[in-house]
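Visitor: this one's structure only:
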Ligand SMILES: NC(=O)c1ccc[n+]([C@@H]2O[C@H](COP(=O)([O-])OP(=O)(O)OC[C@H]3O[C@@H](n4cnc5c(N)ncnc54)[C@H](OP(=O)(O)O)[C@@H]3O)[C@@H](O)[C@H]2O)c1
C-alpha cells in the first residue's frame, strides 16, 4: 500500500496526540478517527482536522491502518485492554514496556523531543526510537517514520529506557537548572539575557564538541574560594544550595579535586 493512502486513528487529546496527528497529516496520512474521554478537549485538539470523526474505543480500529495510543504512561496498558485485540497499536512513550499491551500487533514510536500542544515544530529534526512486536511491524513503522525524519533508530526496550534516562538528564534537568538560573537573576533584579548567550553557545558547540571539552567554571578549576563564597550567598535558599553543592561535588570528583 502507498504510505500516503494510510489512515490512522488517535486516542488522547494531549500534547503528543496533537503533534503526531499534525505530523502525520502534514506528511499525507489521513486522520479519520479520534477518541478522548473529555469531549471539549477532543474538539480543541482535533479542530484542525475537518475529516476526523469521534470514535468510541471499541470501534477505533475499524478501517484504519494503525491507532496511536497517546495517553499518560501508566494508562497505556489499561487503555489497550479496552481496545479490540486486532487493533494495530503504536504508543509514543520512552519509558513504557509494550509487551503487556493487549494487542498482538504493537509498536513504539518515541520522539525524543518536548512536544507542547500548539507549538510549531520541524518534525524532520526530531529523532525517533522505534520498536515493534514483529519484523513486519518494525519495517512498517520504519517506512512511516522515514517519511517524517531521517533520524529513525531501531531500539529494544532496554536501549529505549536508557535513552529516556539520557533525555531526562539532557533536557529535563537542564531545564530545571535554567529555571533556577533565571530565578537567581530575577532575585538580583537582572535580566535573563545575562545567561542566554552562554546557553546558546553551549547548544551550538555541543553539536560538534563533547561536553567534557566545553566545561569551564570554578569547580573544574578547583577554585574553592569562589565555591565557598557561592555556597555562603546561597545559605538562605537551601533548595538552590543543595543542587549547587551536589553538582559541584560531582564536578570536583570528575576533575580530581577534593570534595566540599
Ligand atoms: N509531551 C512530550 O514531550 C512527550 C515526549 C515523548 C513522549 N511522550 C509520551 O506521550 C504520551 C502522552 O504524553 P502527553 O505529553 O501527550 O500527555 P498529556 O498532554 O498529559 O496528555 C495525556 C492524554 O491522555 C489522556 N488520558 C489519560 N488517561 C486516560 C484514560 N484512562 N483514558 C483515556 N484518555 C486518557 C488525557 O486525557 P484527559 O485530558 O482527559 O486527562 C490526555 O488527553 C506519554 O506516553 C508520554 O510519555 C510525551
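Guide: On my side now, so go ahead. Everything numeric in this text was worked out from a predicted model, so none of it was measured. Numbering: from 1, shown residues only.

Visitor: residue of this structure closest to the ligand, please.
Guide: Nearest residue of the chain to the ligand (CB to the nearest ligand atom) works out as residue 14 at 2.0 Å. C-beta coordinates here come from the backbone N, C-alpha and C atoms, glycine included.

Visitor: OK, contacts around that residue?
Guide: 45, 70, 71, 72, 117 (CB atoms under 8 Å, 6 or more residues apart in numbering).

Visitor: what's the neighbour count on the spatially closest residue to the first one that is not a sequence neighbour?
Guide: Looking back up the chat, that one is residue 45. For residue 45, ignoring the flanking residues on the chain, the nearest one in space by CB to CB, 6 or more residues apart in numbering is residue 13 at 3.9 Å. By the criterion of other CB atoms under 10 Å, residue 13 has 24 neighbours.

Visitor: SS state for residue 13?
Guide: coil (DSSP: H, G, I helix; E, B strand; the rest coil).

Visitor: could I get the contacting residues of residue 38?
Guide: Neighbour list for residue 38: residue 13 [criterion: CB under 8 Å, 6+ apart].

Visitor: what's the helix or strand for residue 203?
Guide: Residue 203 is part of helix 196-205, with elements assigned from DSSP states H and E.

Visitor: avg pLDDT for that helix?
Guide: For helix 196-205, the mean per-residue pLDDT is 96.

Visitor: and stretch 15-26, by the same measure?
Guide: For stretch 15-26, mean pLDDT rounds to 98.

Visitor: just stretch 150-167 next, same as before
Guide: Stretch 150-167 comes out with an average pLDDT of 96.

Visitor: phi, psi for the residue located most distally from the centre of the chain please.
Guide: Within the chain, residue 225 marks the point farthest from the mean C-alpha position, 39.2 Å out by CA atoms, centre = their mean. Torsion angles at residue 225 (phi, psi; degrees, to the nearest 10) stand at phi -70, psi -40.

Visitor: give me the pLDDT value at it.
Guide: pLDDT, residue 225: 98.

Visitor: ok, now how distant is residue 61 from residue 188?
Guide: 57 Å (CB to CB, to the nearest Å).

Visitor: neighbours around residue 122, how many?
Guide: 8.

Visitor: please apply the same query to the one 4 residues further on.
Guide: Other residues within reach of residue 126, judged by other CB under 10 Å, total 18.

Visitor: can you check residue 234 too?
Guide: Neighbours of residue 234 under the rule other CB under 10 Å: 17.

Visitor: list the contacts for the closest residue in space to residue 217 that isn't next to it in sequence?
Guide: Distances taken as CB to CB, 6+ apart put residue 251 closest to residue 217, at 7.5 Å, once the chain neighbours are dropped. Residues near residue 251 by CB under 8 Å, 6+ apart: 215, 217, 219, 220.

Visitor: let me see the confidence value for residue 234.
Guide: Residue 234 is given a pLDDT of 98.

Visitor: would you agree it is in contact with residue 242?
Guide: No - between residue 234 and residue 242 there is no contact under CB atoms under 8 Å: 9.0 Å.

Visitor: and the strands in the stretch 51-200 of the chain?
Guide: Under the criterion DSSP state E, counting those that start in this stretch, strands of the stretch 51-200 of the chain are mapped to 53-54, 66-69, 89-91, 106-111, 128-132, 152-154.

Visitor: would you mind giving the ones you listed as JSON lines with distance to the ligand and mean neighbour count added?
Guide: Below are the strands of the stretch 51-200 of the chain laid out as JSON lines (distance: least, CB to the nearest ligand atom, whole Å; neighbours: other CB atoms under 10 Å):
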{"stretch": "strand 53-54", "distance to the ligand": "13", "mean neighbour count": "13"}
{"stretch": "strand 66-69", "distance to the ligand": "8", "mean neighbour count": "26"}
{"stretch": "strand 89-91", "distance to the ligand": "6", "mean neighbour count": "26"}
{"stretch": "strand 106-111", "distance to the ligand": "6", "mean neighbour count": "24"}
{"stretch": "strand 128-132", "distance to the ligand": "10", "mean neighbour count": "22"}
{"stretch": "strand 152-154", "distance to the ligand": "14", "mean neighbour count": "16"}
